[in-house]
Structures are given as structure tokens and as C-alpha cells.
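Q: compute the structure for the input listed below.
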Amino acid sequence: MPLVVYILGLAVFSIGTSELMVAGMMETLSEAFGITIGQVGHLISYFAFGVMLGGPVLTYVFLKLKVPYRPTLLALLAAYVLVQGFSAFISDHAILIAVRLIIGVLCAGCLSLSLATSMALVPIENRPRAAAVVIGGFMVSNVFGVPLATIINQHWGWRVSFGLVALLVLVCLVVLVRTLPNVGGGKGGLNMAEELQAFKKLAYWKACATSCLILGASFAAFSYFVPILTSVTGFTMQVVPIILMLYGAANLVGNMITGRLAYRHSLTIMVTGLTVLSLSLIGMALLAQYAWLAVAFVILIGLSGVPMNPAMMARIVSVAHPGPLVNAVHTSVINIGLGGGTFLAGMAISAGYEFRVALWIGAGLAVLGLLSILPYLRRRQEGWH
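A: A predicted model of the protein is given here:
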């Protein structure tokens, strides 16, 4: 695998960290901007909504115009560095909201082109591995990026955490300027007929709805793990990053397992995953005051929530032509879930409910996700049509 593919994965790792790092510094940002913990959680939602808006639009533009990957990706990364770096100097909440939306749009473009570039750099038989390296950057950001950002925030403040993310993307950009070869846009352009046929299928939108609920359930809880673990369970902030690392490691392990089984057993994975996720969220909502049980539930949520992504993708492939716009719209719907779940939980917390309400909202979304796929169990053969 070319070294440049791993550099792209590192850039995506940095971008993934910037999306979720807010979850580890809620109290600090609440005090700095004079807002509630629930409003701080909304900053994750705004980023996700930016990805949701930017994904399909930028993917369509890239494909339609057949843009050259190298200069376009470098320009997007440069813009990302500038906007993320600017965010470290903001003192106004409204401006920070706008910046988070812009960063989300840039994230969508960087991720789309990083995937396309990585696959263009390797032979066709190695393209899944190249894509896995890039997507793996997002997965690893949960394991190391968010906990490290939390630790940095504890010692040097949130501005340093924001600035270091921009610096890491800048380092990746400098390396890519020197190492990234010229690769062109895709051949043949965008086949609108095939793409539009997918959007006419009810099975596709059912798959998107379930994916939305899964991510909504997972991130309604994850976004507020830190205040739950400190205020309800009683952990110190020095211990919380370790627990976040356990959650991220569970994401990786779960993804490795489901990645091997998703193609043939996507329905089984999703039924099992949503059942475990629902029970874990309910269990943590009821028993979060007990330290070891809380940690156990965090790990179970990490194993069962986000790692259903390979099964979600397998379902999309089975019901629709897996074109760029089909995948981009699915990713956007996922981010509706990510941002929407976090936003709902934040609204409830801002309304005066205790932090556990985030877990109950997550559990409700997970149960709805489970109900959405139970009808498929009545069929003799596994299938999503």
C-alpha cells in the first residue's frame, strides 16, 4: 500500500477528531461561551449537518465536472486548516456554530476526495484495502483522537485542542503537497439514470431510515458520555479519557467482526446489534451510578452501535446500485441521525432533564431501529427487498 494512502488516512483521522472532540470538553466550552451543556452538544450536530449538506452536493459536482483529485483535495485541506485554525480564536457562540457548519461541509469534500484518490492510486484488487485505510482514520479518531483532545483540553484548554487539530491537518497537507501524484477524475462521468433509479426504490429509503436511527441512538449517548460519567457515575476527568479509549477500542473490535460477516449476515448483525444496543442504553440509563456497570455498558454500546456500519453498507449495496451519489446520500442520512440524536438529547438536557435523558433518547431510537427491521425476520431467506 503506498505511503500516501496512509497520509490520507491520517488526514481523515484529524478531521474525524475535530467532529467528535467537543464531546470530551463540554464543561470547558459551556463555561467559555456561557451556554448549557446541551447547547455544547449541538456543536457536534452542526458539524454533522454540514457533512449532510456537503456530501451529496460536492460529490455531484466532483463527478459532473470530473475535477482533478490532487489540486481539489489540497485546496479543500488548506481551507480546512484555515477554518479549523480560526475556530481556536473564536469567542462568540454564533460564529462558532457557523464555523462548525462550514467545517462539516469541508469534511464531506475531503472525505469524498480522499476515498476517490486512495482508490485511484492502487490496482483495482487493492481498492477495498485502500478505502479501509481512509475510513479507518475515522474509526481510530474515536480510539485516540477524542481522548487525546480531552486530555489536552484538561491541561491547556480547548483552544489548544482545536489548534492542534488544525496543525495536524496542516502537516498532512505539507506531506501530500510533496508526495501526492496527479490523479484525474473518474472516467465516464456520472450515470444519472442509474443513480435516480436507486432513489425511486422504497427499500433504499427504508435502509437509510434504519441507518439514521442506529447512528442517532449511538451518538445521542456518546455525545454526553463525559457529563454522565462525571456527574452521574462520579468518575474524575482524569479517568474519563481512558473510558473513552475503551469505547473507541470497542468500536474497532466490533467493526473488525462485523466487517467479516456483513456481506452474508447483515440482517443477523443488525438485529443482534440493535438488541444489544437497546438493552445497553436502557441498562446504563438505569444503573449509571454504579462505576463498573457504567464502564461495561459503555463498552457494549461501543461494540454494538457504530460497528453496524458494514452491515448498513451491505444492505445499501443489496438494494441499490452502489454509485457515488447513492453512497453520498446514505452518508448524509447517517449524519442526520448523528446530528439529530445529539441535538434531541441536547434539547432535553437544556430543558432541565438530567444527563441520563441522553441515554433514554438513544434507547428509544435504538428500539425504533430494531422495530424497523423485525418484519424481515418473518422471511425464510435473508433479504432486504
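
Q: need phi/psi at residue 201.
A: phi -90, psi 120 (degrees, to the nearest 10).

Q: what is the neighbour count of it?
A: 15 (other CB atoms under 10 Å). All C-beta spots, glycine's among them, are computed from the backbone N, C-alpha and C.

Q: thinking it is in contact with residue 316, fair?
A: No - with contacts counted by CB atoms under 8 Å, residue 201 stays clear of residue 316, the gap being 10.6 Å.

Q: where does pLDDT dip in this protein?
A: Residue ranges of the chain with pLDDT under 70: 128, 132, 184-195, 322-324, 379-383, 385.

Q: rerun at 50
A: By pLDDT under 50, the weakly predicted segments of the chain are 187-189, 381.

Q: buried residues in stretch 60-80?
A: For stretch 60-80, a neighbour-count test (16 or more other CB atoms under 10 Å) marks 60, 62, 63, 67, 69, 70, 72, 73, 76, 77, 79, 80 as buried.

Q: check stretch 170-177 too.
A: Under 16+ other CB under 10 Å, the buried positions of stretch 170-177 are 170, 172, 173, 175, 176.

Q: stretch 238-255 too?
A: 240-241, 243-252, 254-255.

Q: likewise for stretch 286-295?
A: Of the residues in stretch 286-295, 288, 294, 295 count as buried by neighbour count, 16+ other CB under 10 Å.

Q: just these: which are in helices?
A: Among the buried residues of stretch 286-295, DSSP state H puts 294, 295 in helices.

Q: want to throw the buried residues of stretch 286-295 into a markdown table with distance to residue 373?
A: Listed next are the buried residues of stretch 286-295 as a markdown table, based on distance: CB to CB, whole Å:
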| residue | distance to residue 373 |
| --- | --- |
| 288 | 28 |
| 294 | 28 |
| 295 | 29 |
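
Q: which one of the buried residues of stretch 286-295 is nearest residue 355?
A: residue 288 (8.5 Å; CB to CB).

Q: show me where the stretch 51-200 of the chain has helices.
A: Along the stretch 51-200 of the chain, the segments classed as helices by DSSP state H, counting those that start in this stretch run 69-87, 93-120, 127-140, 146-156, 158-179, 192-199.

Q: and the angle for the first one with helix 93-120?
A: Read that as helix 69-87. In terms of direction (axes from the mean of the first three to the mean of the last three CA atoms, to 10 degrees), helix 69-87 departs from helix 93-120 by 160 degrees.

Q: what is helix 69-87 packed up against?
A: Applying 3 or more CB pairs under 8 Å, 6 or more residues apart in numbering; DSSP states H and E, one finds that helix 69-87 contacts helix 3-20, helix 93-120, helix 158-179.

Q: likewise for the longest one?
A: Where contact means 3+ CB pairs under 8 Å, 6+ apart, helix 93-120 is packed against helix 3-20, helix 37-65, helix 69-87, helix 127-140, helix 324-350.

Q: and the second one, what's buried?
A: For helix 37-65, burial by neighbour count (16+ other CB under 10 Å) applies to 37-56, 58-60, 62-63.

Q: my guess is residue 329 contacts residue 207. True?
A: No - using CB under 8 Å, residue 329 is not in contact with residue 207; the gap is 11.0 Å.

Q: ok, these two, which is more surrounded?
A: Remark: of residue 329 and residue 207, residue 207 carries more neighbours, 26 against 23, as counted by other CB under 10 Å.

Q: please tell me how far the residue nearest to that one when sequence neighbours are not counted sits from residue 335.
A: With sequence-adjacent residues excluded and distances taken as CB to CB, 6 or more residues apart in numbering, residue 207 is closest to residue 315, at 4.7 Å. According to CB to CB, to the nearest Å, residue 315 and residue 335 sit 17 Å apart.

Q: show me where the stretch 151-300 of the chain has its strands.
A: Per DSSP state E, counting those that start in this stretch, the stretch 151-300 of the chain carries no strands over any range.
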